[in-house]
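> need a structure here:
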Amino acid sequence: MTVDGKALRMRRLSRTGDGKHLFVPLDHSVSDGPVVGRSSWEDLVSAIAGYGADAVVLHKGRARVLAPTALGSCGLVVHLSASTAHAADTDAKVLVGDVEDALRLGADAVSVHVNIGSDTESRQLADLGLVAGACQRWGIPLLAMIYPRGPRIPDPREVRLLSHAVNIAADLGADLVKTSAPADPARMAEVVESCPIPVLCAGGAPDVRDLVKTAAELMAAGCAGLAVGRRIFTSDNPAAVVARLASVVHATDPASLSETLPPLTAGVV
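Coordinates of the predicted model:
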């Protein structure tokens, strides 16, 4: 049997082996500023990893200073795109790392952000294609974070546009794609059905109870997982939110969980 490096790494991105994924992006420190203080950083990552996340998403410099023990069996995705909230065009993304950087850090995957409809769409698409080629050569999975976002996008949650976005990711060589949810979570089924690669849904409602309910609806619609960052690291109890979302993502019947999961308790941590 031929050993396929990309397949092995994809397997490590799903801790239970069911092909479902709970990713926790922590790359916001570049776009918006510090996620948590220095003294709390490894505690946050350890809580996320220890309570069921399948992978965390970090920039290369942040991954470099993270103690290897903090991740445990949780995967590492190195994010290769960046912009800040202070830019003249906040929809413009540029590459700030490459696949070789990620491999040297022991990453299980890399991610690239693309905003279709932005003024710099053409360059972002070219960057995605170049990174996809490198991922194929090195046998490392590529997560495309792709959104309808820019001056030519009237409704960034429109199902037709979301379907277009995820199929761009597939056509340009991504192995996984992350995008926004439509206004009606049940209509995510149309987006998923249109796409030949696993679709992860981003973000969530500001209220934790709504987040869990929405997560269950999205998983029932056929999503391969969730990518939730801000709703976790701004929570008073990140470990509890991760544990709840992990139970939904990896449930056999996620739809049945949306109303039956008990409320969060401080004792989870």
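
> mind checking the backbone torsions on the most centrally placed residue in the chain?
Nearest to the geometric centre of the chain sits residue 227, at 3.6 Å (C-alpha atoms, centre = their mean). Taking degrees, to the nearest 10, you get phi -130, psi 100 for the backbone angles of residue 227.

> And for it, nearest residue in space, chain neighbours not counted?
If you skip the residues right next to it in sequence, residue 227 has residue 23 as its closest partner in space, 4.3 Å away by C-beta to C-beta, 6 or more residues apart in numbering. Yep, even glycine has a C-beta here, placed from its N, CA and C like the rest.

> so what strands line up beside whichever strand or helix holds that neighbour?
In this assignment (DSSP states H and E), residue 23 forms part of strand 21-25. The strands that strand 21-25 pairs with in its sheet are strand 55-58 (parallel), strand 225-227 (parallel) (by DSSP bridges).

> how about those in TSV, adding mean pLDDT?
TSV is the format used below for these (pLDDT from 0 to 100):
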stretch	mean pLDDT
strand 55-58	98
strand 225-227	98
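
> could the ones you listed go into JSON lines alongside distance to residue 19?
As requested, the strands paired with strand 21-25 are arranged in JSON lines below (distance: least, C-beta to C-beta, whole Å):
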{"stretch": "strand 55-58", "distance to residue 19": "13"}
{"stretch": "strand 225-227", "distance to residue 19": "9"}
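
> Which of those sits closest to residue 71?
Proximity to residue 71, assessed across the strands paired with strand 21-25 by C-beta to C-beta, is greatest for strand 55-58 (7.2 Å).

> So which residues of this structure form strands?
21-25, 55-58, 75-79, 81-82, 94-95, 109-116, 142-148, 176-179, 199-202, 225-227 (DSSP state E).

> Read off the pLDDT value for the residue nearest to residue 109 when sequence neighbours are not counted.
Of all residues beyond its chain neighbours, the one nearest residue 109 is residue 141 (4.1 Å), with distances taken as C-beta to C-beta, 6+ apart. The model reports residue 141 with a pLDDT of 98.

> quick one: residue 150 and residue 114 touch, right?
No: here residue 150 lies out of contact with residue 114, judged by C-beta atoms under 8 Å, at a distance of 10.7 Å.

> These two: which is more packed in?
Each of residue 150 and residue 114 has its neighbours counted (other C-beta atoms under 10 Å); residue 114 has more, 27 against 18.

> which residues pair with the more buried one across the strands?
Per DSSP bridges, residues listed as beta-bridge partners of residue 114: residue 146.

> and if you look at residue 179?
Taking DSSP bridges as the rule, residue 179 bridges to residue 201.

> Count the neighbours of it for me.
Under the neighbour criterion other C-beta under 10 Å, residue 179 is assigned a count of 29.

> One more: residue 218?
When neighbours are counted by other C-beta under 10 Å, residue 218 registers 27.

> now swap in residue 31 and tell me
Neighbourhood size, residue 31 [other C-beta under 10 Å]: 16.

> isn't it right up against residue 86?
No: contact criterion C-beta under 8 Å: residue 31 and residue 86 do not qualify, at 9.5 Å.

> picking up where we left off before, for the residue nearest to residue 109, list the residues it contacts.
Applying C-beta atoms under 8 Å, 6 or more residues apart in numbering to residue 141 gives the contacts 6, 9, 10, 13, 108, 109, 110, 135, 175, 176.

> That's all I had, so thanks and see you.
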